[in-house]
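Chemist: sequence first, then the predicted structure:
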Amino acid sequence: MPRVCDFTGKRTTTGNTYTLRGKKKYLGGVGTKVTGKTKRQFKPNIQTLTVVDENGAIKRVKASTKAIKSGLITKPLKRKYAYQPNEA
């Protein structure tokens, strides 16, 4: 499965890492020059956890830590005996 948050849509993004040469101007040099660029990936902190959805069903989802901290997730109770049986 892909590394994507089910709530916020965060996913792996790409960027560059730069290799520099020279001394910075504020340190007394003539400035830094870019001597190389390499592709890299920014990976979000995705956790797999058990949540209670809107219907009250318990399922496993992938969620970013930002979604967990902001309260988008409702975790189930720790003990099964606390649940009431469904009265249909």
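Modeler: Right, received. Where do you want to start?

Chemist: quick check: phi and psi at residue 68.
Modeler: Dihedral pair for residue 68: phi -70, psi -40, per degrees, to the nearest 10.

Chemist: in a helix, residue 26, correct?
Modeler: Yes - when the secondary structure is assigned by DSSP: H, G, I helix; E, B strand; the rest coil, residue 26 falls within a helix.

Chemist: that one: neighbour count?
Modeler: Burial of residue 26, expressed as a neighbour count using other Cβ atoms under 10 Å, amounts to 7. Where C-beta positions appear, they are placed from N, C-alpha and C, glycine not excepted.

Chemist: now swap in residue 76 and tell me
Modeler: Using other Cβ under 10 Å, residue 76 is surrounded by 16 other residues.

Chemist: can you pull out the helices in this structure?
Modeler: Along the chain, the segments classed as helices by DSSP state H run 65-69.

Chemist: where does it dip in pLDDT?
Modeler: Counting by pLDDT under 70, the low-confidence segments of the chain come to 1, 80-85, 87-88.

Chemist: now do the strands in it.
Modeler: Across the chain, reading from the start of the chain, the strands by DSSP state E fall at 13-21, 33-42, 46-52, 58-64.

Chemist: closest to residue 7 out of those?
Modeler: Minimum separation from residue 7 across the strands of the chain (Cβ to Cβ) falls at strand 58-64, 5.6 Å.

Chemist: now do the closest one: which elements does it pack against?
Modeler: Identification of packing neighbours for strand 58-64 by 3 or more Cβ pairs under 8 Å, 6 or more residues apart in numbering; DSSP states H and E yields strand 46-52.

Chemist: which parts of the strand it packs on are buried?
Modeler: Applying a neighbour-count criterion of 16 or more other Cβ atoms under 10 Å, one finds 46, 51 buried in strand 46-52.

Chemist: partners of it, with directions?
Modeler: In the sheet containing strand 46-52, the strands it pairs with under DSSP bridges are strand 58-64 (antiparallel).

Chemist: just send the strands of the chain back as JSON lines, with distance to residue 76 too.
Modeler: Shown next, in JSON lines, are those (distance: least, Cβ to Cβ, whole Å):
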{"stretch": "strand 13-21", "distance to residue 76": "32"}
{"stretch": "strand 33-42", "distance to residue 76": "31"}
{"stretch": "strand 46-52", "distance to residue 76": "5"}
{"stretch": "strand 58-64", "distance to residue 76": "5"}
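
Chemist: please consider this matter closed, and thank you.
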